[in-house]
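A.B. asks: Sequence first, predicted model second:
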Amino acid sequence: MGSHLSFLEGLFDAFERKDIHAVLDGLHPDVDVIQVESLPYGGVYRGHDGFKRLLGDLDAAWQVFDVKPFEYLDAGEKIVVRMTCKATARASGRDIETEMQEVFSFRNGKVSEIKVFYWDTAKVRDVLAAESHFRDS
């Protein structure tokens, strides 16, 4: 149990350092990253190539996309990571600060699935749009 947690903390460290090789090494070759369908980059990204495509899609949508884990909930074969997300959209130039959760599953000592949950997907979509439907806070 604890080994998955320390492994995942190391993976987040590698991601923060932008060490894509170390991140990919921690992902199962058949990893699925599942983003909510209502977002411009929604859908399932499969394998290492899919993960790299997701990074490109995120880079196309966000000028800044900074996530910081603040809580790890270890459930054995699954770990839930709660994090803050501070981002700036490319199209609108607008900023958002929100909470996200990601649920990580493991197979053969590597991450085999990541399910991503945003606290407020409507607000994320709005910030990504060139025109806002919500008033700024």
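C.D. replies: Okay, I see it.
A.B. asks: Partner strands of the host helix or strand of residue 88, with direction?
C.D. replies: Per DSSP states H and E: residue 88 is located in strand 78-89. Looking at strand 78-89 with DSSP bridges, its partner strands are strand 62-74 (antiparallel), strand 95-107 (antiparallel).
A.B. asks: Mind checking what secondary structure the most centrally placed residue in the chain has?
C.D. replies: Nearest to the geometric centre of the chain sits residue 116, at 5.9 Å (CA atoms, centre = their mean). Of the three states, residue 116 takes strand under DSSP: H, G, I helix; E, B strand; the rest coil.
A.B. asks: Tell me if I'm right that it and residue 35 touch.
C.D. replies: Yes: look at residue 116 against residue 35 with CB atoms under 8 Å: they come within range, at 5.3 Å. Using the backbone N, CA and C atoms, a C-beta is placed for each residue, glycine as well.
A.B. asks: now residue 106: how far from residue 28?
C.D. replies: From residue 106 across to residue 28, the span is 8 Å (CB to CB, to the nearest Å).
A.B. asks: which residues do the two both contact?
C.D. replies: residue 112 (CB atoms under 8 Å, 6 or more residues apart in numbering).
A.B. asks: contacting residues for residue 127?
C.D. replies: Neighbours of residue 127 in contact, by CB under 8 Å, 6+ apart: 87, 89, 92, 94, 95, 96.
A.B. asks: Is the residue lying closest to the fourth one once chain neighbours are set aside in a helix, a strand, or coil?
C.D. replies: Looking back up the chat, that one is residue 94. Leaving out its chain neighbours, the residue that sits closest to residue 94 by CB to CB, 6 or more residues apart in numbering is residue 127, at 4.7 Å. Recorded secondary structure, residue 127: helix (three-state DSSP).
A.B. asks: Need the pLDDT of residue 127.
C.D. replies: In this model, residue 127 is scored at 90, pLDDT.
A.B. asks: likewise residue 48?
C.D. replies: On the pLDDT scale, residue 48 gets 98.
A.B. asks: Number of residues surrounding it?
C.D. replies: 17 (other CB atoms under 10 Å).
A.B. asks: just residue 17 next, same as before
C.D. replies: Residue 17 has 10 nearby residues by other CB under 10 Å.
A.B. asks: That'll do, ta.
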